[in-house]
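1. Just to be clear, the model below is a prediction. Sequence and coordinates:
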Amino acid sequence: MTHTPATIVGFRDSTTLFADPIALRARAAADGYLFFKQLLPKTDVQALRDVMLDIIAERGWLDSGSARDRARVDAEAVANLESWGGTGVDEAAYRALQTHQTFQQFQHHPRLISLYETLFGEAVLPHPRTIARMMIPCPSFRPTPMHQDYIHIQGTRDTWTCWLPVGDVPRALGGLTVLHGSHALGVLTVRAAEGAGNLETNLCDVDLPWIEHDYEMGDVLTFNSCLLHKSLPHQQPDTVRLSCDFRFQPASEDIEAKSLVPHMQVAGWDDIYRDWPETALKYYWLQRGTPLSPWDESLHWQKERICD
Ligand SMILES: O=C(O)CCC(=O)C(=O)O
């Protein structure tokens, strides 16, 4: 008999545990994720949202009558849009965002760095490979399949993803849902799938609940690289969902070399930094001396899902 996992709506807020690192780490170890209500000032996230919306508007994809907080798209203008590598937009639009200083700098936000320093109890390495999703609903759009980030990131299993809603993301807009405690299942096998990452985890019956959430701009969800997650179906066919995936790890642990290059090599670091004023954030990871670990190709070998 197939077991249907339970669904819980609403994450437990871990904000009060900031003052108690031992309790914070215990919750992270038990649940595999942490949620912080309004960790980031709305004005800071709005500045990033404006950059993303400008890129979409400049291409004629935004409905000119749409309010900025709603971000409705022009259905005709996006009818032939191909989502490049699960980013939600084409390669040129993604490159425009990846080469924008506001986007690349965002993961160095002092409140994010402080969160991960508290979680790891040591210096933090934000992964240079930053990811954004400008999920424009169009015929080629596919939700993100259930997966573990470890398959794509490798390096230390102590890497944590920060999933940042760049605007309010109610469940109907297709935000991220996580399988509570699933990091304890270890690294699972995968099969080919549509949607970001193109790999879906093979999972048989587990008695763990999916947790969904109506995100508000300023909220932060973070989870261990072995935690199963996926996006919910995008049910607002005229509205774009904006979010970022930033990764953080203890600076003393291994990193895999692909995490040091821009996402999908959409640009080189020299292109990205071309117009930046002098700042220590350029090539910041070279100063950390983090050890490199090898890529394990066998994690991408695709397997049948076999359940008893
Ligand atoms: O936002 C999404 O749809 C995908 C995000 C994700 O799966 C990730 O960060 O690993």
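-> Thanks, I have it. No experiment lies behind these values; they were computed from the predicted model shown.
2. From now on I want contacts and neighbour counts done on CA atoms only, so please keep to that.
-> Fine.
3. I'd like the next helix or strand past the lengthiest strand in the chain.
-> The longest strand of the chain (DSSP state E) is strand 241-250. Next helix or strand after strand 241-250 toward the C-terminus (DSSP states H and E): strand 255-256.
4. just how off-centre is whichever helix or strand comes after that next one within its chain?
-> Of the helices and strands lying after strand 255-256 in sequence (DSSP H and E), the nearest is helix 269-273. Relative to its chain's centre, helix 269-273 lies at 22 Å (Cα atoms, centre = their mean, to the nearest Å).
5. Likewise for stretch 281-297?
-> That offset, for stretch 281-297, works out to 20 Å (Cα atoms, centre = their mean).
6. And the average pLDDT for that stretch is what?
-> Summarised as a single mean, pLDDT over stretch 281-297 is 91.
7. how long is it end to end?
-> Distance between the two ends of stretch 281-297: 31 Å, counting by Cα to Cα, to the nearest Å.
8. Check stretch 132-152 too.
-> 15 Å.
9. Quick check: neighbours of the longest strand of the chain in the sheet, parallel or antiparallel?
-> Strand 241-250 has its sheet partners listed here by DSSP bridges as strand 124-126 (antiparallel), strand 131-135 (antiparallel), strand 160-165 (antiparallel).
10. now these in a markdown table, with distance to residue 191 and mean neighbour count?
-> Below are the strands paired with strand 241-250 laid out as a markdown table (distance: least, Cα to Cα, whole Å; neighbours: other Cα atoms under 10 Å):
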| stretch | distance to residue 191 | mean neighbour count |
| --- | --- | --- |
| strand 124-126 | 29 | 23 |
| strand 131-135 | 22 | 22 |
| strand 160-165 | 22 | 24 |
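11. Could you dump those strands into CSV with mean pLDDT and distance to residue 198 added?
-> CSV is the format used below for the strands paired with strand 241-250 (pLDDT from 0 to 100; distance: least, Cα to Cα, whole Å):
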stretch, mean pLDDT, distance to residue 198
strand 124-126, 97, 24
strand 131-135, 97, 15
strand 160-165, 98, 18
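12. For residue 249, find the nearest of these.
-> Residue 249 lies closest, by Cα to Cα, to one member of these: strand 124-126, at 5.3 Å.
13. hmm, who's touching the helix or strand harbouring residue 56?
-> Per DSSP H and E: residue 56 is located in helix 42-58. Residues outside helix 42-58 that contact it (Cα atoms under 8 Å, 6 or more residues apart in numbering) are 62, 68, 71, 93, 96-97, 102-103, 106, 134, 166-167, 217-218, 242.
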